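Novice: predicted model, plus sequence, below.
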Amino acid sequence: MTKQLISMLLSTIIGTSSMCTPSMPAQSSGFVASPTYPAAISYHDYDARAQVREQNQVEENFLQAVEDFTAKTSAPLLSGKENACYSPVSLYFALSLSAAGAHGTTQQQLLSLLGVKDAASLTDSCAKLYRQLYADNEMGSLKIANSLWMADHILGQPVTFEQDFLNTATKDFYASLYTGDLTAASTLSDMAKWVEDNTGGKITPKFQADPLALLYLMNTIYFKDQWVSQFSESSNTVDTFHLADGKTIDATFMHQTESSSIFHGNGYTTAGLGLRNYGSIYFVLPDEGVSLDSLLTAERLPEIFSSVSGDYTRIIWSVPKFTYNTDLNLKKMLQSTGVTDIFDKSCADLSRMTKTAAYLSNAKQQTYIALDENGVEAAAYTELVFSSTGAIPSEEPIAFTLDRPFLYFITSNDNTPLFVGVCVQSTAAK
């Protein structure tokens, strides 16, 4: 990816400020504050989009940090043995807001993983990136939402949260704030409805009452975009998809001949299809005899994510339609990257978030991905639960047939990594 892979969503996206109201449940829980979301700028308003880019320039070293984070965290989460999709940018925003509330070694471990030296510059960069990414226009959407659901009491004792942390959450991370009884069925229902509303109805988590839950920090991302050159359903065929274990299944393939960049790497080929609003989706096809999982390593992924520039040529595309959901437990992955203190009751220092002794008790992500003739639709929901401790074309076209397990990643117009996934078994999009 390098700066090239992070440079695509930032060039055609959104606005600076408007009085848009976030999607909020009809809550019985206590609503505290709402952010002022960036304005939704028309796809055709090139001057306004250029102004947003000019006013929210993001440093190249920060974009590189997001790319490095993507490679480091994707490797442990994608096995190549089953369909999976992961949103690194969703987790990055959630951890960055957590870092704003952490202190000492707890904060330093988060900053190290996020690739930034201090929390203030991290917050500033995230705010600028958010404003460049957020979009909602006639061609599609890229909506990022954050929320904090705060307990007002834990085991009968009142809980307070640091005002500076809450100000940062609302102003720089565009978070909605709620407070109340996090064990109440009505609150848990409101939380699920918030996620559903902010993921286009694609994800509705189930919450269980936890008397020690102090704070639910939530991030959602909803992405929908059209192909620059759409596939025709009349060209679809049912062909063979080869599974990793040697078995085969029938899958619906979409076909078109479209010029694109193609890169031949060590054991793989990468080619991309353009999306109208937000950049591209790149498909990484292992060479015959090369297993997909051999590419899904911390050593190989940085190279692969950078393989977005190659020879520009005509490509005969054969792409399977697919749709699926993924549930990811993030705790072990985060601990393996050196983020350990925040999970330890005796070590976690979240004193800039709350004076109540707390630690990160759960970290997970749910995703949805669908690819069909019209384009791509994807959604992600990241949940961090903090508990009281008490917790130019060539002449001949090249065939590129994705008929065996493959890796894919969706980037923005400034190449911010939005989704990374593997398809090992195609399923027709509904």
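Specialist: Nice, thanks for sending it over.

Novice: so which bits of the helix or strand hosting residue 64 are buried?
Specialist: In the assignment (DSSP states H and E), residue 64 maps to helix 60-77. For helix 60-77, a neighbour-count test (16 or more other CB atoms under 10 Å) marks 62-77 as buried. C-beta: built from backbone N, CA, C; applies to glycine.

Novice: following the helix or strand encompassing residue 166, which helix or strand comes up?
Specialist: Taking DSSP H and E as the definition, residue 166 sits inside helix 163-171. Per DSSP H and E, the first helix or strand lying C-terminal to helix 163-171 is strand 175-180.

Novice: where's residue 77 relative to residue 136, distance?
Specialist: Taking CB to CB, to the nearest Å as the measure, residue 77 falls 28 Å from residue 136.

Novice: likewise for residue 364?
Specialist: The gap separating residue 364 from residue 136 is 27 Å, by CB to CB.

Novice: would you map the helices across the stretch 1-150 of the chain?
Specialist: Using DSSP state H, counting those that start in this stretch, the helices found in the stretch 1-150 of the chain span residues 2-5, 46-55, 60-77, 88-100, 104-114, 119-133.

Novice: most packed of these?
Specialist: Sort these by mean neighbour count, taking mean count of other CB atoms under 10 Å, and helix 88-100 sits at the top with a mean of 25.

Novice: what's the average pLDDT for that one?
Specialist: The average pLDDT for helix 88-100 rounds to 98.

Novice: quick one: that helix to helix 60-77, angle?
Specialist: 110 degrees (axes from the mean of the first three to the mean of the last three CA atoms, to 10 degrees).

Novice: and helix 88-100, C-alpha only, in PDB?
Specialist: Taking Å, rounded to 0.1, in the frame of the first residue of the first chain, the C-alpha atoms of helix 88-100 are listed here in PDB:
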ATOM      1  CA  PRO A  88      -8.500  -2.300  10.100                       C
ATOM      2  CA  VAL A  89      -9.600   1.300  10.000                       C
ATOM      3  CA  SER A  90     -12.600   0.500  12.300                       C
ATOM      4  CA  LEU A  91     -10.300  -1.000  14.900                       C
ATOM      5  CA  TYR A  92      -7.700   1.800  14.400                       C
ATOM      6  CA  PHE A  93     -10.300   4.400  15.300                       C
ATOM      7  CA  ALA A  94     -11.500   2.400  18.300                       C
ATOM      8  CA  LEU A  95      -8.000   1.900  19.700                       C
ATOM      9  CA  SER A  96      -7.000   5.500  19.000                       C
ATOM     10  CA  LEU A  97     -10.000   6.800  21.100                       C
ATOM     11  CA  SER A  98      -9.000   4.300  23.800                       C
ATOM     12  CA  ALA A  99      -5.400   5.700  23.800                       C
ATOM     13  CA  ALA A 100      -6.800   9.100  24.500                       C
END
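
Novice: relative to helix 104-114, how tilted is that helix?
Specialist: Going by the same axes, to 10 degrees, helix 88-100 makes 160 degrees with helix 104-114.
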